[in-house]
Each structure stands twice: as structure tokens, then as C-alpha cells.
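K.L.:
only geometry, no sequence info:
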């Protein structure tokens, strides 16, 4: 249990926490299931030829997503780095070793300014340059197409469940292909519903995903798409002769964990998972029922690997503190609890809660709200 005073983290002077936020890297990523952990332990028994294993693991992933090929990476960020490199060199394999020097290569990636986010830097790691189009509100299809020039290697796109302003994913890819350039998509967490997962995997020439979102080891992910491009990604991978991606290696245990996790994701009863999560939210709501100025609501998302969240709305005038102050108190208390504060609500995500932790969260919330 996360509140045990003998927790391994306390030995190193770190306060463990109950994660009611979700699969965020800053909170430690993911907790692989018992089945995934057992598979990883089994992988530890033997060594393996990694070149063969990477090829076979890619075939395994591709079979679930109905794509030509896939390659396991050290998280989604690494998939984006390697995809960018592959887009520049797939027609010039003799220039792989010169990256990040892009002399003689098409090295521009067209990207809508409205989609900018903290991780788009991954695309420039191999030496490519982002060409930003439009403004913070979006851009037109004409502006997007006019940004494609003789040095364009690819367009890049951030796939989001709620959609994007500006040029849509489908239109951006159609424009790219009409102009004979590649399309790369970051679809890191866009993995549920399962048909949505498949559609995203098939949407572009290269598509990048994070493994932590379906309970794989935190530092795993994969890129999938066209076979010739995945071969180029592999040529930049961590066991290539002069690998750009040497620092992005994945060990054999993690790969087995990722494969087990994706297999389990496609066989899981997600309807039951939703019911189980909602039952946890109901348990929290029951503890908080009757507290003046406090109400709760379960919010379901149409497209979200976590499926749902609980919004605990706080009326500041009645409670004497706002949602952010309540959230800060949860973080400062014992046990340490991390949730989100959004507008006038504390948002609880049960996806990363261990069994029984929902009651710890509920009782701690009740203490904080009581003042």
C-alpha cells in the first residue's frame, strides 16, 4: 500500500504518493499489471538476439493494429525522434551517419502553430527544423499547403481526442500525400476505444504511441506504419552500427512487458473496467455526501484510455477554500495525494489508484474540506 511507512521510497528520503492524476511521467508513469510483471520476470531467465526480437516484437504489435510494421521504442518521445530521422534519410541511407548534420537532406517538418506543445522538440533532435504555420488559433488548408516546399520532409500532427482547431488530421495527411511528403502523427495516449486505437495507428505514414497508457512499462512505446519507413527507423535504432538512438535503448524485459500489455489491452473487458472505476467514484462520493458546498459528478469521456474521472466541486464561499487550495492540502498531507485542480473542482482519476486507495482519498478529502 502506498501509505506504508516502510515504503521503499522513504529509505531514500522521498515521500511516496497516491496517484489520483493518471499516467503522468512526472508522477512516475505507469504501474504494470501482475501479468505484465510476471512476463517481464520470465524474460529475465534468458538472453535473446535483440535484432531478431525487435523485428518479431514489431510484427506482434502490427498484428493487433492491422499496420504494415512497428518498432518498439523507449517511450513515445523516442518514437518521435526516430521518426523524424527516418523521414529525412529513408531515401538517402548513405547520409544516416551524418545526422544531426542535415546537409543534402530535406529537413523541414510542417506543423500547425496551434498544436505546439512541450514535446514537439523531439522532432528537431535529429537536426530537422519545424516550420510553424498559422497562429495560436489554427491555420487554413491553403496556408498549410503553401508551407510545404522543396525542403519539406514531412508534416507532423498531434492527435487529440477532442480534435484540433485549424486543419484536421485527415486533411493534413491528404495535403501531405498530394505534395509527395510524409505524414508523422503523435498519437501517444489515443488508444481507446480499440477501433479508435486502430484508426490512429493507420492514419499516417508513421504513428507514435506511449506504452504507459495501456499499463506497459513506463519507458516503453512504439512507432508503427509503412514497412519501408519502419525499416529506416530501425536503422537509426539502438542496435544499428552507428545509432542515433543508442541512448534510447529498451531492454528485453521491457519489450516483453509492452507486448504483454498490448495483448491484454485488446482482450480486456473495458466495460467492466469502466464499471469498476465508477464504483470507486461512488465510494468517494458517499464519503463526501452531505458536506456543505461540496458536490460530486462522474464525467465520462468518449475517447480516453482512462474512461472517466470524478469532479469534486468546491463552493469557495461555503467551504472557505477553493479547489486549488484543497488540492494543495492533499499534496501536503499524510498520506501524500496528487490530484488535479480544474476551475472550481478537484479532479480524481481512478485509473492509477490501487485497490482501497479510493477510500484513503475520500477520507483525506473529507478532513481537508471540513477545515
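P.N.:
Arrived safely, thanks for sending. Just so it is clear, the model here is predicted, and its values are computed rather than measured. Numbering: from 1, shown residues only.
K.L.:
can you list the domains in the protein?
P.N.:
According to automatic domain parsing, the chain comprises the domains 8-28+269-369, 34-267.
K.L.:
Report the secondary structure element holding the nearest residue to residue 280 once chain neighbours are set aside.
P.N.:
Of all residues not flanking residue 280 in the chain, residue 358 sits nearest, at 4.1 Å (Cβ to Cβ, 6 or more residues apart in numbering). Where you see a C-beta, it was placed from the backbone N, CA and C, and this is true even at glycine. Here residue 358 sits within helix 357-369, counting by DSSP states H and E.
K.L.:
now the domains of the chain as a markdown table including mean pLDDT and mean neighbour count?
P.N.:
Below are the domains of the chain laid out as a markdown table (pLDDT from 0 to 100; neighbours: other Cβ atoms under 10 Å):
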| stretch | mean pLDDT | mean neighbour count |
| --- | --- | --- |
| domain 8-28+269-369 | 95 | 17 |
| domain 34-267 | 96 | 20 |
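K.L.:
Break down the stretch 101-250 of the chain into its strands, ranges please.
P.N.:
108-112, 129-133, 152-158, 182-186, 206-210, 221-225 (DSSP state E, counting those that start in this stretch).
K.L.:
Kindly report the same for the stretch 251-371 of the chain.
P.N.:
For the stretch 251-371 of the chain, the strands defined by DSSP E, counting those that start in this stretch occupy 294-300, 308-314, 336-338, 340-342, 345-348.
K.L.:
so how far is stretch 267-284 off the chain centroid?
P.N.:
Centroid displacement of stretch 267-284 relative to its chain, using Cα atoms, centre = their mean, to the nearest Å, is 21 Å.
K.L.:
wait, what's in contact with residue 221?
P.N.:
Shown in contact with residue 221 (Cβ atoms under 8 Å, 6 or more residues apart in numbering): 72-79, 188, 208-212, 258.
K.L.:
Repeat that for residue 237.
P.N.:
54, 71, 73, 82, 243, 245, 248.
K.L.:
Please, which helix or strand holds the fourth one?
P.N.:
Taking DSSP H and E as the definition, residue 82 sits inside helix 76-89.
K.L.:
Give me the distance between that helix and the centre of its chain.
P.N.:
Here helix 76-89 is found 16 Å from its chain centre; the criterion is Cα atoms, centre = their mean.
K.L.:
so what does that helix touch, helix or strand wise?
P.N.:
strand 69-73, strand 152-158, strand 182-186, strand 206-210, strand 221-225, helix 227-236 (3 or more Cβ pairs under 8 Å, 6 or more residues apart in numbering; DSSP states H and E).
K.L.:
closest one to residue 332 among the ones you listed?
P.N.:
Among those, strand 206-210 comes nearest to residue 332, with 29.8 Å by Cβ to Cβ.
K.L.:
Now residue 340. Nearest residue, chain neighbours left out?
P.N.:
residue 347 (4.1 Å).
K.L.:
my bad, residue 31
P.N.:
For residue 31, the spatially nearest residue (Cβ to Cβ, 6+ apart) is residue 352, at 6.6 Å.
K.L.:
and if you look at residue 136?
P.N.:
Distances taken as Cβ to Cβ, 6+ apart place residue 114 nearest to residue 136, at 5.6 Å, with adjacent residues excluded.
K.L.:
pretty sure the one you found contacts residue 143?
P.N.:
No - taking Cβ atoms under 8 Å as the definition, residue 114 is not a contact partner of residue 143, at 11.3 Å.
K.L.:
Quick check: neighbours shared by these two?
P.N.:
Shared contacts of residue 114 and residue 143 (Cβ under 8 Å, 6+ apart): residue 134.
K.L.:
For the longest helix along the chain, which outside residues touch it?
P.N.:
Criterion DSSP state H: the longest helix present in the chain is helix 270-288. With contact meaning Cβ under 8 Å, 6+ apart, helix 270-288 is reached by 192-194, 294, 296, 298, 300, 306-308, 310, 312, 348, 350-351, 353, 358-359, 361-363, 365-366, 369.
K.L.:
So for residue 3, what's the pLDDT?
P.N.:
If you check residue 3, the pLDDT there is 47.
K.L.:
Need phi/psi at residue 320.
P.N.:
Dihedral angles of residue 320 (phi, psi; degrees, to the nearest 10) stand at phi 90, psi 10.
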